[in-house]
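J.: Below are the sequence and a predicted model for it; my questions follow.
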Amino acid sequence: MKKLLFYIFILTISLLAISGSIGTLYYYLRFSAAQKQLKQISVETEDDVRNLVARVGRLMQLPSQELPTVMTVTDSDRLKNVNFFANARIGHKLLIYPEAHKAILFDPIQNVIIEVAPYNVPTVTPEIATASGESTD
């Protein structure tokens, strides 16, 4: 009887070790894939932004008091439902001027402006609520 319990104990510990190793391997592989994706993301330097602003500035008047936030379209299919991005393609640049409330979609290959729209900065207004939902006087 003690021998049977010992074998069951060893089998249980072995199964736990194997399942733990499989879980660790799974998450390690997911982490590695995420690291590869992060390495592929190109970070726009300030010089890149200034060069892009100069190119777009030749095509239209831009706000001169601020540098825009620049993003690159990497998945145009996910953006198809948004009217502003209806004609967006992979590689297009999005310039956002939060102070001037302006967003510009630019094609750096064809050197054309695809879309210009007002950009409204989302504002968060905190609301005070009580736990019971009743107002306090």
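T.: Perfect, I can see it now.
J.: ok, residue 85 - contacts?
T.: 73, 76, 79, 105, 115 (Cβ atoms under 8 Å, 6 or more residues apart in numbering). The way it works is simple: take the backbone N, C-alpha and C, and place the C-beta from them, glycine included.
J.: Among those residues, the buried ones, what's the ChimeraX command?
T.: In ChimeraX, a selection of the buried entries from the contacts of residue 85 looks like this (16 or more other Cβ atoms under 10 Å):
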select :73,79,105,115
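J.: Adding distance to residue 59, secondary structure and pLDDT, write the contacts of residue 85 out as JSON lines.
T.: Shown next, in JSON lines, are the contacts of residue 85 (distance: Cβ to Cβ, whole Å; DSSP: H, G, I helix; E, B strand; the rest coil; pLDDT from 0 to 100):
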{"residue": "73", "distance to residue 59": "18", "secondary structure": "coil", "pLDDT": "89"}
{"residue": "76", "distance to residue 59": "21", "secondary structure": "helix", "pLDDT": "82"}
{"residue": "79", "distance to residue 59": "22", "secondary structure": "helix", "pLDDT": "84"}
{"residue": "105", "distance to residue 59": "12", "secondary structure": "strand", "pLDDT": "95"}
{"residue": "115", "distance to residue 59": "13", "secondary structure": "strand", "pLDDT": "94"}
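J.: Quick one: the contacts of residue 85 as a markdown table, columns for distance to residue 22 too.
T.: Formatted as a markdown table, the contacts of residue 85 follow (distance: Cβ to Cβ, whole Å):
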| residue | distance to residue 22 |
| --- | --- |
| 73 | 37 |
| 76 | 37 |
| 79 | 37 |
| 105 | 45 |
| 115 | 48 |
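J.: Now the two most distant members of the contacts of residue 85.
T.: 76 and 115 (12.7 Å; Cβ to Cβ).
J.: circling back to that earlier point, for residue 91, state which of the contacts of residue 85 is nearest.
T.: Closest to residue 91, out of all of the contacts of residue 85 and judged by Cβ to Cβ, is residue 73, at 6.6 Å.
J.: Give me the domain ranges for the chain.
T.: Using automatic domain parsing, the domain ranges for the chain come out as 1-41, 46-118.
J.: That's all I had, so thanks and see you.
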